[in-house]
Structure formats: C-alpha cells, structure tokens
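Q: Sequence and predicted structure, then a few things I'm wondering about:
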Amino acid sequence: MKKIFMGILIVILSSVIIYILFPKSSKPKILKTARVWRGPITAFVEETGIVKPQVGALIKVGTRATGLLTYLPYQVGDFVKKGELLALIDDREILANLNSAKATLKSLQAELQLIDATYPLQIKEQEAKVQAAKARYDYAVLNLSREEILLKQEFTTQDSVDQARKERDVKWADYQVALETLNRLKEEYKQKRHSLLAKINAQREKTKSLEVELSYTKIYAPISGYVSQVTTQQGETVVAGLSAPNLISLIDPTKLEVWLYVDETDIGTVSPGKEVLYYVDAYPDKWFHGKILTIYPEPEVKENIVYYLAIVKVSPEDARLIRPEMTVHARIITKKKQNALLIPNAALKFEKGIPVVYKVKDNKLILTKVKIGLRGENEIEILSGLKEGEKVALKFVLSP
C-alpha cells in the first residue's frame with residue numbers, strides 16, 4: 001500500500017511540475033496512452049515480518065537425573081528422529097539400588113507365600129485338636145452327670161463322682177488351651193500377613209520409584225527435528241534440582257509461522273483468513289502462500305509506529321526452505337474483484353486532492369473527474385467517470 005501511495009504522489013508532483021513549467025496556452029504533445037479495459041484486480045497491503053517457530057516447535061530437552069553424562073554424540077545441525085536415544089547418564093548406582101529393591105521385594109513375596117502355605121495348615125490342625133478336646137470335655141461332662149445320678153441311687157461312691165468332676169475340669173482346661181492356641185495362630189497369621197503385605201506394597205512402590213529414576217538416565221528425542229543448541233557436553237556431571245537442566249534443544253522444521261507486523265493504517269483491511277503472498281531474502285524470486293490465522297489484539301510500538309502482529313502458518317512443504325528468523329516481505333490480499341473497469345496507475349492524477357484523468361479525444365486532452373475503487377499493483381479501478389474503450393493519457397508534454 002505504501003508503494004502505491006508513493007507512486008501516486010510521484011505522479012501528482014510530476015503533474016504540478018509540468019503545470020508550473022508550461023503555460024496553459026501550451027499545446028500538449030501526447031507521448032503515451034492506454035485504453036480503459038475490464039479485468040480482474042487485486043488490492044493488497046505490503047508488510048514485513050519475521051519467521052518464528054510455532055509453540056511446541058522448539059523443545060528444550062532436559063533430565064531429572066543427577067550423574068555423569070556418558071553419552072551425548074549430537075552437534076548443532078544434526079537431525080534426530082522421534083524416539084531416538086539422545087543422551088545417557090551414569091546409571092550404575094540407581095541400577096544397584098533397583099536390583100537390591102527387587103531382591104528385597106522377591107524375599108518378602110517368598111515369605112508371604114511361606115506363611116500362606118504353613119499357617120493355614122497349622123490352623124487346620126489346631127482346629128482338629130480343638131474339636132477333639134471339645135469332644136473329650138463333652139464326654140467328661142456326660143460322665144460326671146451319670147456318676148452324680150448313680151450316687152443319688154447309691155450305685156457309686158463319692159470318690160467316683162469327685163474323680164469324674166476332676167476329669168471334667170481337666171478336659172475343660174485342655175479344651176481352653178487348644179482354643180487359645182487356635183486363636184493365637186489365627187491372630188499371628190493375620191498380623192504377619194498384614195505386615196508383609198504392607199512391606200511388599202512399600203517395597204513395590206520403592207521399586208517403581210527406582211525404575212522411574214532409572215528411566216530418567218535415558219533421554220529420548222520427543223520430536224523429529226534438528227539440534228539447535230547443545231548446552232552440556234559428554235563427560236560433564238549434571239545436577240537435577242527444582243528444574244530439569246537443559247541438555248539439548250530440538251526444533252521441528254515443519255512447525256514454523258510468519259509474524260507480520262501490520263501498520264495501524266492497514267489493520268482495518270486485514271482480518272483472519274486473508275490470503276498472504278510472501279518471500280524471504282534467501283529466495284527473492286520465490287513467492288510462498290499462506291493465510292492469516294489470527295491477529296494479536298495487543299499492539300507493538302516500534303520507533304513510534306504502532307503495529308499489530310498477524311500470524312501466518314508456514315506449510316510443511318515451504319518449511320523445507322524457510323528457516324527461523326528469516327526476514328519476510330509480504331503482500332496481504334485485502335480484496336479481489338473480477339470484471340472491474342481499470343486504468344493504469346500512471347493515468348491517475350490529482351487536482352486539488354480530487355482524482356482526475358486526462359481523457360484523449362481527437363488528439364486533445366480532456367480533464368475528467370473520476371471516482372476510484374480498488375488499487376492494484378499496476379492498475380486502479382474506476383467506479384465512475386470513464387467507459388470501457390476510452391483512451392487516457394499516460395505521458396504527455398506541453399509545447400508552445
């Protein structure tokens with residue numbers, strides 16, 4: 001847009017100079033003309049910008065492990081695939097702790113299996129003893145009752161009754177001992193099993209934690225891309241703190257975007273979805289295509305000029321050539337129109353701020369007011385004042 005305005009300004013200044021240098025009585029000499037025609041026109045504004053990685057395109061790869069960096073063979077510019085091993089940290093201490101934790105877990109599980117195998121058998125055997133003791137006690141109670149009946153009938157002696165009562169008390173005591181032993185075995189089994197399960201769960205969590213720590217010693221590429229920065233060298237010791245130390249940075253070359261700085265005077269004609277043509281200094285003859293994804297509402301002020309940031313996504317195909325931080329020269333297509341009435345830019349003049357053209361008829365110049373519409377790179381749309389096929393002057397001089 002700025003270039004178009006500059007061209008129009010030059011035309012105006014040229015007209016003024018011609019008017020000053022030559023009197024009104026001078027006869028015009030027409031050097032170049034053009035006919036009014038119909039055709040397509042594309043209006044655009046020109047802006048500049050810069051290529052930036054998209055959010056998520058630049059990944060800083062770190063580690064949560066502490067130790068000696070034993071493997072990091074990559075340099076800036078190397079390409080790595082997603083899932084490829086990037087770095088290794090000395091894992092001998094963690095591996096030893098993990099193996100010890102696994103051995104302890106295995107021992108606890110074996111102990112649990114042992115009590116699960118032995119205690120139920122002991123409990124079953126004791127239950128049989130309890131039943132036998134109960135049967136002997138019941139028999140002693142029955143025998144005592146019989147002796148007491150016989151004593152009343154004087155068929156036995158008091159000594160026999162006393163002996164039967166003593167036998168009952170002994171069997172009762174035996175039964176109580178057997179019952180207490182059974183309850184003790186059940187409680188022991190319950191407590192030991194509960195304790196072992198708690199130890200096993202704790203040891204299992206410890207093992208999992210050590211396995212996670214071990215996984216931190218192997219760093220894999222989270223994306224496919226190029227190495228953009230290496231901050232730690234093989235042989236150095238890394239220390240993990242509150243934040244993971246950065247080892248290497250990767251950039252996905254297919255995830256780029258263009259930041260266009262749109263002048264505040266042009267922002268009214270720019271909106272998301274508008275087509276964008278742009279080139280970079282590295283490829284000045286190649287035009288890339290894109291569309292505006294979004295426009296940030298917050299302005300940026302540079303050298304007292306207000307800009308608004310418009311974001312254009314770079315296609316994966318174009319990203320093979322374009323690199324971050326390249327300077328971008330863009331044309332944002334603001335409007336297109338087919339079958340418009342057109343004249344060349346050079347035909348338009350301004351008289352006291354009013355757009356005019358010099359229509360050519362019978363080799364004479366006729367000053368004609370016009371109403372203009374869209375402005376393209378080389379042509380301007382005429383809304384009124386001219387008809388298709390009419391001739392307008394592009395270049396002329398006044399001679400005496």
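A: Now that the structure is in, tell me what you want to look at. Numbering: from 1, shown residues only.
Q: The closest residue to residue 300 other than its chain neighbours: which element?
A: Distances taken as Cβ to Cβ, 6 or more residues apart in numbering place residue 307 nearest to residue 300, at 4.9 Å, with adjacent residues excluded. C-betas here are computed from N, CA, C, even on glycine. Per DSSP states H and E, residue 307 falls inside strand 305-313.
Q: now residue 134
A: Counting by DSSP H and E, residue 134 is part of helix 92-152.
Q: What of residue 357?
A: Using DSSP H and E, residue 357 falls in strand 354-361.
Q: Just the buried positions in the very next helix or strand once past that strand, please.
A: Using DSSP H and E, the helix or strand that directly follows strand 354-361 along the chain is strand 364-369. Buried residues in strand 364-369, counted by 16 or more other Cβ atoms under 10 Å: residue 365.
Q: Likewise for stretch 304-314?
A: Going by 16+ other Cβ under 10 Å, stretch 304-314 has these buried residues: 307-314.
Q: So what are the sheet partners of the stretch of helix or strand residue 286 belongs to and their directions?
A: For residue 286, the host element (DSSP H and E) is strand 283-295. Strand 283-295 has the following strand partners under DSSP bridges: strand 275-280 (antiparallel), strand 305-313 (antiparallel).
Q: looking only at pLDDT, what's the mean for the last one?
A: It refers to strand 305-313. The pLDDT scores in strand 305-313 average 96.
Q: Now tell me what touches it from outside.
A: 47, 49, 54, 257-264, 267, 270, 276, 278, 290-297, 299-301, 330, 332 (Cβ atoms under 8 Å, 6 or more residues apart in numbering).
Q: In PDB, list the C-alpha atoms belonging to stretch 149-157.
A: Presented in PDB, the C-alpha positions along stretch 149-157 are these (Å, rounded to 0.1, in the frame of the first residue of the first chain):
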ATOM      1  CA  ILE A 149     -27.200 -89.800  89.200                       C
ATOM      2  CA  LEU A 150     -25.600 -93.100  90.200                       C
ATOM      3  CA  LEU A 151     -24.600 -91.500  93.500                       C
ATOM      4  CA  LYS A 152     -28.100 -90.500  94.300                       C
ATOM      5  CA  GLN A 153     -29.200 -94.100  93.600                       C
ATOM      6  CA  GLU A 154     -26.300 -95.300  95.800                       C
ATOM      7  CA  PHE A 155     -24.800 -97.200  92.900                       C
ATOM      8  CA  THR A 156     -21.500 -95.400  93.000                       C
ATOM      9  CA  THR A 157     -19.300 -93.700  95.600                       C
END
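Q: Let me know the closest of the buried residues of stretch 304-314 to residue 115.
A: residue 313 (65.1 Å; Cβ to Cβ).
Q: hang on, the earlier thing: right, and the helix or strand after the strand holding residue 286?
A: Next helix or strand after strand 283-295 toward the C-terminus (DSSP H and E): strand 300-302.
Q: what helices or strands is that next one leaning on?
A: Counting by 3 or more Cβ pairs under 8 Å, 6 or more residues apart in numbering; DSSP states H and E, the packing neighbours recorded for strand 300-302 are strand 305-313.
Q: still on that earlier bit, mind listing what's buried along the strand holding residue 286?
A: Across strand 283-295, burial judged by 16+ other Cβ under 10 Å covers 288, 290, 292, 295.
Q: Kindly indicate which of those lies nearest residue 207.
A: residue 290 (52.0 Å).
Q: roughly how far apart are the spatially closest residue to that closest one that is not a sequence neighbour and residue 321?
A: Closest residue to residue 290 apart from its sequence neighbours, by Cβ to Cβ, 6+ apart: residue 312 at 4.2 Å. Counting by Cβ to Cβ, to the nearest Å, the gap between residue 312 and residue 321 amounts to 15 Å.
Q: Same question for residue 112.
A: Separation of residue 112 from residue 321 (Cβ to Cβ): 65 Å.
Q: which of those two has more neighbours?
A: Between residue 112 and residue 321, counting by other Cβ atoms under 10 Å, residue 112 is the more crowded of the two (17 against 14).
Q: how long is stretch 260-273 from one end to the other?
A: 14 Å (Cα to Cα, to the nearest Å).
Q: same check, this time on stretch 344-356
A: Termini of stretch 344-356 sit 13 Å apart (Cα to Cα).
Q: how many neighbours does the closest residue to residue 286 other than its chain neighbours have?
A: When the adjacent residues along the chain are set aside, residue 286 lies closest to residue 279, with 6.0 Å between them (Cβ to Cβ, 6+ apart). When neighbours are defined as other Cβ under 10 Å, residue 279 has 18 of them.
Q: and residue 279, what does it touch?
A: Counted by Cβ under 8 Å, 6+ apart, residue 279 has contacts 285-288, 328-329.
Q: again, only this time at 6 Å
A: Counting by Cβ atoms under 6 Å, 6 or more residues apart in numbering, residue 279 touches 286-287, 329.
Q: next one: residue 174
A: When contacts are counted by Cβ under 6 Å, 6+ apart, residue 174 touches residue 133.
Q: Three-state assignment for it, please.
A: helix (DSSP: H, G, I helix; E, B strand; the rest coil).
Q: Relative to residue 336, how far out is it?
A: For residue 174 relative to residue 336 (Cβ to Cβ), the value is 108 Å.
Q: ok, now residue 269?
A: For residue 269, the distance to residue 336 - Cβ to Cβ - is 12 Å.
Q: Tell me where the model's unsure across the stretch 1-150 of the chain.
A: By pLDDT under 70, the low-scoring segments of the stretch 1-150 of the chain are 1-27.
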